[in-house]
Each structure stands twice: as C-alpha cells, then as structure tokens.
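S.K.: Prediction below, plus the sequence it came from.
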Amino acid sequence: MDFTISDKMQTVLGMIDEFVDKELIPLEPEFITHNFSEMVPVLKDKRKMVKQMELWGPQIPKELGGMGLNLVEHGLVSESLGRTPLGHYVFGCQAPDAGNIEILHSHGTKEQKKQYLEPLAMGDIRSCFSMTEVDMPGSNPVMLETTAVKDGDDYIINGHKWYTTAADGSEFAIVMAVTNPEAPTYLQASMIIVPTNTPGFNLVRNIPVMGHSGDDYASHGEILYQSCRVPQKNLLGAEGQGFVIAQDRLGPGRIHHCMRWLGICNRSMDLMCQRASERKISPDGKTLATRQIVQQWVADSAAEIQAARLMTLHAAWKIDTVGAKEARDEVSLIKFVVANTMQHVIDRALQVHGGLGMTDDTILAFFYRHERAARIYDGADEVHKASFARRYLNRYGKSGK
Ligand SMILES: Cc1cc2nc3c(=O)[nH]c(=O)nc-3n(C[C@H](O)[C@H](O)[C@H](O)COP(=O)(O)OP(=O)(O)OC[C@H]3O[C@@H](n4cnc5c(N)ncnc54)[C@H](O)[C@@H]3O)c2cc1C
C-alpha cells in the first residue's frame, strides 16, 4: 500500500481547503434557510471560480474538462469538500451526476455522449438515477416492477419509482427497467436514458425527508412513469446489462461517499473541540473540555475517524490497483463502518453543543438530519454485513444463503 500524496496533490488539497473555508462555509447559513433554487445563482459564480482555478470535476476525465484524478486522489479531494454540504456541487462531483458521468463515459454511444455526457460534465445540466421503487425492496434490486416494452423503434416505460435524488430540474433520468423478463434474473434489466420532458415522466412530488421536501438539486423525487415513450437508441449499454453497469458504478461511488462522510466527521470534530474549549460550565471558568466524558468523546472520535479513513483509502487504493470486483469485501466493510462512524461523531458533536446543537445556527443539525440516510442508501448496513459475512464464511465452508 502506498498512500503518498504527491507535491502537486498537496498543493491542490491546500487550494481546495482554502476555497471551502473562504467561499463555501460562509454561505451555509443562507443555504440552510433558503430553497436550493435561490442559491443556484451564487453557486454558479462559485463554480466559475473553481473552473478558473482548474479544479473543476476532480474525478471527470480530462478530455471532458475535468481533472482526471485517480480514486485515491479524488477520495482526498472528496474529504476536503465534504466539510460543507456545498462542496461537491460547486466542484462538479456531486451524486448522482458523478455516477451518471462515469457510466455514460464507459457505456454511452457517441450520440449519447454528445447530447448528455458533455453538458453534464461541464455542469450545464443535471441528471438523476431512477432505480428504487415504492413497492419493491431496494435492498434486493433485482426485484423490479418497472418495465420497458418495445414498440416499433421505441421503449414504453411504466413504473413507480421514488428516491430519484435531484429529479427536480434534471434534464434526464437514467432509469432501470425490466426489458428481458425471461432472461436469468441478473440479465433482466436495462438502463435507459429518459429526458424528463418526455410525456409520461411525471414527477409526483419531492418526498419530505426528515421534515424537508427540498427543491431543485437538494430533493428526492417520486416519479410515475406512465406509458413513457423513448427511442430505443436511448438504451445505455447493452440490453439486459443494467445490473452489470450498476455494479461498475457502485464501487467507486461508495469511496466518494465514504470520503465525503469523513469530511463531515472532520468538520464535526472541529466544531466539537472548538465548542468544548470555549464553553465555560462552572463559575471558576472551567470549560467542557476539562470534563473526562468530553475528552473520551474526543479520543474515541479521533480514533474512529483515523481507522475509518485508513480503511477507505485502502479500499480506494485496491480499486485503483486491482479493480472494483477484487475490492468488494473492502468496499462492503467501509460502507457500514464509515456511515456509523459519521453518525457517532455528529451525534457527539451535537451533544457537546447542547441546545445550540439542535438549532440551525451550526451545520450539525443539518448533518444529523441529512446524513442518517447513509446507513440506508447504496446498500443498507445489514445488507453489506450479510453479503460480506457470507463471502468470508465461505472460506470456511458453505455459509448458506
Ligand atoms: C437519501 C436517499 C437518497 C437516495 N437516492 C437514490 C437515488 O438517487 N436513486 C435510487 O434509485 N435510489 C435512491 N435511494 C434509495 C435507496 O437506494 C434505498 O432506500 C435502499 O436501497 C434501501 O431500499 P428500501 O428503501 O426499499 O428498503 P428495503 O429494501 O425495504 O429494506 C428496509 C430495511 O430492511 C433491512 N434489510 C433489507 N435487506 C436485508 C437483509 N438481507 N438482511 C437484513 N436486513 C435487511 C435494512 O435495515 C433496510 O434498511 C435513496 C435513498 C435515500 C434514503
């Protein structure tokens, strides 16, 4: 394992840290109290600055206008950007666009790349990924009800999806639908590009999540596909390859998430230590930092963050060197370890802030509300634990299904 950070990357990380501190963190109070759509103009200006600094799209290939970083490098950038909820959006590496860029780049036709990938990579349009269904278990994604049936040169799509993140205002969705119901289970579904202005693409609502429906990029859509007709040339990759392509997307995507969550841990840790050092809790001027329980939270958090960080960098290094398939055990482990580490660290930081922690006067309550989902999306904790344990136990004999 070699995690040496090159001089060039050190400089890049320094520039990004400074940009996050000076340009983005000061926008947070406005971001928390306003609709996202109201923030778009100021965020557009920040994006311009990022492009001028040649820091746009850390993970986007150079030929598409990005920095073309490898996964370990992008992980480090992601950690720095994760300190603020605005980081990834302003640098052009926000989910779900980042994953969609990856799959369009690897599997898109020339025409699809021109029409969808190029403007997406430049941040001129947004996209969403529409797989999870209201009535089917997302934890077992092969159980899909959405169908895409051929009719002349078209597909006609019918289905009921939700948690299509950022659907509101997206130019197109990549939809997972059953095209080959007679094929073996893993070869039944395909990915199809659906422009959101297609008749039959119905955004029913932005789902209220932890008290907020959100809007624009900061939202999760419920979508009814009703006889939604798109040309067959909108098929992404080969027919029946939907799950294979989804797997390609998930390995690196989980590294991006985990490193972003570590950024949230670092920010929460900073806030916890600052507050503990300033908040006087006795007439003789002693601060919270003098209390053993707080010291224990600080030490536990530091150790957990360090362990989670090394595990994640190791998984990224393994994907970079031997590929996502070979690294799937490491990826399963980090997915639940880092999500839980983040939850513990945010919770302790919030507790140290007392009543202030519950308000929106710091970013902690936002993190607390929005990041609970980390233990559910991209594979719930229990699913990762079960699939890892089955593979691990198989080394000792049959573990059963
Ligand atoms: C904030 C957020 C953003 C999302 N963004 C997107 C998106 O952009 N596009 C998209 O398509 N989807 C998205 N999702 C959906 C997400 O992928 C699913 O919620 C997830 O896969 C779980 O599926 P489910 O909600 O149907 O839960 P279910 O499959 O019903 O599972 C419910 C619970 O059961 C338990 N469980 C499930 N299977 C097992 C098992 N084998 N053993 C033990 N316990 C088990 C787990 O605790 C799980 O949380 C998002 C979800 C959230 C919360």
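M.R.: Alright, I've got the coordinates.

S.K.: Now do the contacts for the residue nearest to Gln59 when sequence neighbours are not counted.
M.R.: In space, and not counting its chain neighbours, Gln59 is closest to His74: 4.4 Å by Cβ to Cβ, 6 or more residues apart in numbering. Backbone N, C-alpha and C define where each C-beta goes, glycine included. Listed by Cβ atoms under 8 Å, 6 or more residues apart in numbering, the contact set of His74 reads 58-59, 93, 255-256, 259.

S.K.: Next up, identify which helix or strand His74 is on.
M.R.: Element membership for His74, per DSSP states H and E: helix 71-81.

S.K.: Let's see that helix as PDB, backbone CA atoms only.
M.R.: What follows is helix 71-81, C-alpha atoms only, in PDB (Å, rounded to 0.1, in the frame of the first residue of the first chain):
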ATOM      1  CA  LEU A  71      -9.700   7.200  -6.900                       C
ATOM      2  CA  VAL A  72      -7.300   7.800  -4.000                       C
ATOM      3  CA  GLU A  73      -6.700  11.400  -5.100                       C
ATOM      4  CA  HIS A  74     -10.300  12.000  -5.700                       C
ATOM      5  CA  GLY A  75     -11.000  10.500  -2.300                       C
ATOM      6  CA  LEU A  76      -8.700  13.000  -0.600                       C
ATOM      7  CA  VAL A  77     -10.500  15.900  -2.500                       C
ATOM      8  CA  SER A  78     -13.800  14.500  -1.500                       C
ATOM      9  CA  GLU A  79     -12.800  14.500   2.100                       C
ATOM     10  CA  SER A  80     -11.900  18.200   1.900                       C
ATOM     11  CA  LEU A  81     -15.100  19.100   0.000                       C
END
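
S.K.: Let's verify Asn202: helix, strand, or coil?
M.R.: strand (DSSP: H, G, I helix; E, B strand; the rest coil).

S.K.: hang on, it packs against Gln226?
M.R.: Yes: between Asn202 and Gln226 a contact is recorded at 6.2 Å, counting by Cβ atoms under 8 Å.

S.K.: For the residue of the stretch 101-250 of the chain found nearest the ligand, I want the exact helix or strand it lies within.
M.R.: Here the residue of the stretch 101-250 of the chain nearest the ligand is Gly138; by Cβ to the nearest ligand atom that distance is 2.4 Å. Element membership for Gly138, per DSSP H and E: none, as it lies in no helix or strand.

S.K.: Show the average pLDDT along the lengthiest strand in the chain.
M.R.: Counting residues, the longest strand found in the chain (DSSP state E) is strand 218-231. Averaged across strand 218-231, pLDDT comes to 98.

S.K.: going forward, begin numbering at 30 instead of 1
M.R.: Sure, I'll start numbering at 30, so the last one becomes strand 247-260.

S.K.: For the helix or strand following it, which outside residues touch it?
M.R.: Next along the chain after strand 247-260, taking DSSP H and E as the criterion, comes strand 264-265. Outside strand 264-265, the residues that touch it by Cβ under 8 Å, 6+ apart are 132-133, 136-137, 141, 184, 203, 219-222, 274.
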